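Enquirer: predicted model and sequence follow; I will ask about them next.
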Amino acid sequence: MTTSSLGASPYLRLFRNRSFAALWLGQLVSFIGDYFNWLAIPILINRLTGSATMVGLSMIATALPALLLGPLAGVLSTAGTANGP
């Protein structure tokens, strides 16, 4: 049986739910905003300072919290679960 014989795809039927559609649209707008921020900050730093070193340091400063706290957050999130250590 094909999708066309069943009607709308199960994934497309999710968008009939207003709450899901609003959540999905909000996440899309947030992702686009995050992308433009990720793109604009290094350009701004380069234009203000003219230094590739400062651009690199800003990228390191952006990634450092996730690199340092990510593994710790993973350990803490599984510490109290039945599947955890």
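Expert: That came in fine, so what should we check first?
Enquirer: next, the buried residues of the helix or strand hosting Ala63.
Expert: Using DSSP states H and E, Ala63 falls within helix 52-78. Across helix 52-78, burial judged by 16 or more other Cβ atoms under 10 Å covers 55, 58. Every C-beta, even on glycine, is put in place using the N, C-alpha and C of the backbone.
Enquirer: now for it, which elements pack on it?
Expert: Applying 3 or more Cβ pairs under 8 Å, 6 or more residues apart in numbering; DSSP states H and E, one finds that helix 52-78 contacts helix 18-49.
Enquirer: sorry, back to before: pLDDT (mean, whole number) over the helix holding Ala63?
Expert: Across helix 52-78, pLDDT averages out at 92.
Enquirer: show me how far it is from its chain's centre.
Expert: Taking the mean of its C-alpha atoms, helix 52-78 sits 14 Å from the chain's own mean (Cα atoms, centre = their mean, to the nearest Å).
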